[in-house]
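1. This is a predicted model, with the sequence first.
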Amino acid sequence: MRFALWVLTSLALSAQPNYQYFLNGSAADVQTKPTPGYLLAGGGKDVDPAFKWFLTRANGGDALVLRASGGDAYNPYFHTLAKLDSVETIIFKNESAAQEPFIADKIRHAEAIFLAGGDQWNYIRYWRNTPIAEALNDAIRRGVPIGGTSAGLAVLGEFAFSAKHDTVTTPQALANPFDEKVDIYQGLLKIPQLSCLITDSHFAKRDRMGRLLVFLARIKKESKCQTVRGIGIDERAAVTLDLSGHAQVMGDGAAYLVQLSATPKLEPNTPATIPAMPVTAIPTGQSFKMDKWPAPAYQLSVTNGAVKSTKDSQYAIP
């Protein structure tokens, strides 16, 4: 017979050399039927309504936070937003943690999974081709809601800026789209609604539109995607996405939808030149459909490393 243990405060129940485990709530596994959906958060201050939307889809089950740095701050926060059986945080310390049956088992029994911020290269190098990636993709197929913020957001799309060689700025990417820092990884997670798509976070604040254009150009040139899409999300903003393809922007900021169909002619060590791409900025409170993006508000192109807009303002960011 199994007995539930309710942990009133978040406790470090396991401190292994390769991971840490924190629990807030019941130690017993409860099984509920989650409602699929995805939370795309742009970083910075978390957006309560978006996180509440995400967590209620666990239907009272167990929420799991995965991260490679930081602590267990999401455990008590999640409990303030939704009725959950438990919130667990696992912090990966190194690559060997991805071989731990304990962690894969926690993923298999979670009713919501959230990827915290930090450094996305840790997620990619720790999880690729491991039981963790397999368990995460199985959770996606089972309809478990998945979310991520900042680095966690970066790995949700089919394509991800890996940050393998540190971050890359817009001027660096535009000056040389084949700079080693412009490193794109494909296929960590397989979310059907995010196929042929890359995400970016901290968007307007860190002036990331130009680098997103370069990411799209590289993906289009090197992949089999007929059209590649990018979603840039501001800090303090989030996009919620259900299985019907309905997406809602919440928080304080906007989501920027960019797509590229023409194949660019990029050359190493040469400033980028990229054909015009339609762009739509979706402000907080508005929605869109993932399978049919709204008519573009303007177009951006790149000539010799310089971004040009059909609107008379930089990137036409509201």
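-> Received the coordinates, thanks.

2. which residue ranges form the helices in the stretch 101-250 of the chain?
-> 101-108, 120-127, 131-142, 151-154, 170-175, 209-222 (DSSP state H, counting those that start in this stretch).

3. just checking, what packs against the shortest one?
-> If contacts are counted by 3 or more C-beta pairs under 8 Å, 6 or more residues apart in numbering; DSSP states H and E, helix 151-154 sits against strand 38-41, strand 112-115, helix 120-127, strand 197-200. (Glycine included, C-beta is placed from N, CA and C.)

4. List the contacts of the last one.
-> Just to be clear, that refers to strand 197-200. 40, 153-154, 156-161, 184, 208, 211-212, 215-216, 219, 228-233 (C-beta atoms under 8 Å, 6 or more residues apart in numbering).

5. repeat for the longest one
-> For helix 120-127, the external contacting residues (C-beta under 8 Å, 6+ apart) are 66, 68-69, 92, 94-95, 97-98, 115, 132-133, 136, 151-152, 154-155, 160-164, 185, 188.

6. mind running it again at 10 Å?
-> 18, 66-69, 92-98, 115-116, 119, 132-136, 148, 150-155, 160-167, 183, 185, 188-189, 201 (C-beta atoms under 10 Å, 6 or more residues apart in numbering).

7. Output that helix in PDB with nothing but the alpha carbons.
-> Taking Å, rounded to 0.1, in the frame of the first residue of the first chain, the C-alpha atoms of helix 120-127 are listed here in PDB:
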ATOM      1  CA  GLN A 120      20.300  26.100 -23.700                       C
ATOM      2  CA  TRP A 121      23.600  24.500 -24.700                       C
ATOM      3  CA  ASN A 122      23.400  22.600 -21.400                       C
ATOM      4  CA  TYR A 123      20.000  21.200 -22.400                       C
ATOM      5  CA  ILE A 124      21.200  20.200 -25.800                       C
ATOM      6  CA  ARG A 125      24.500  18.700 -24.900                       C
ATOM      7  CA  TYR A 126      23.100  16.900 -21.800                       C
ATOM      8  CA  TRP A 127      19.900  15.500 -23.400                       C
END
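
8. Could you check how far it is from the centre of its chain?
-> 13 Å (C-alpha atoms, centre = their mean, to the nearest Å).

9. Where in this structure is the helix or strand with the lowest mean pLDDT?
-> strand 6-15 (a mean of 54; mean pLDDT, DSSP states H and E).

10. Select, out of the helices and strands packed on helix 151-154, the one closest to residue 275.
-> strand 197-200 (17.4 Å; C-beta to C-beta).

11. avg pLDDT for the closest one?
-> Strand 197-200 shows a mean pLDDT of 98.

12. What strands line up against the very next helix or strand once past the least confident helix or strand of the chain, and which way round?
-> Sequence-wise, the next helix or strand downstream of strand 6-15 (DSSP states H and E) is strand 19-26. Its sheet considered, strand 19-26 pairs with strand 6-15 (antiparallel), strand 86-92 (antiparallel) by DSSP bridges.

13. tell me the contacts of residue 254?
-> Residues near residue 254 by C-beta under 10 Å, 6+ apart: 42, 203-204, 232-234, 237, 239, 280-284, 286, 317-318.

14. Show the buried residues in these.
-> Buried members of the contacts of residue 254, counted by 16 or more other C-beta atoms under 10 Å: 42, 203-204, 232-234, 237, 239, 280-282, 284, 317.

15. Adding distance to residue 55, write these out as TSV.
-> What follows is these, written out as TSV (distance: C-beta to C-beta, whole Å):
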residue	distance to residue 55
42	18
203	24
204	27
232	24
233	19
234	22
237	18
239	16
280	28
281	27
282	23
284	20
317	30
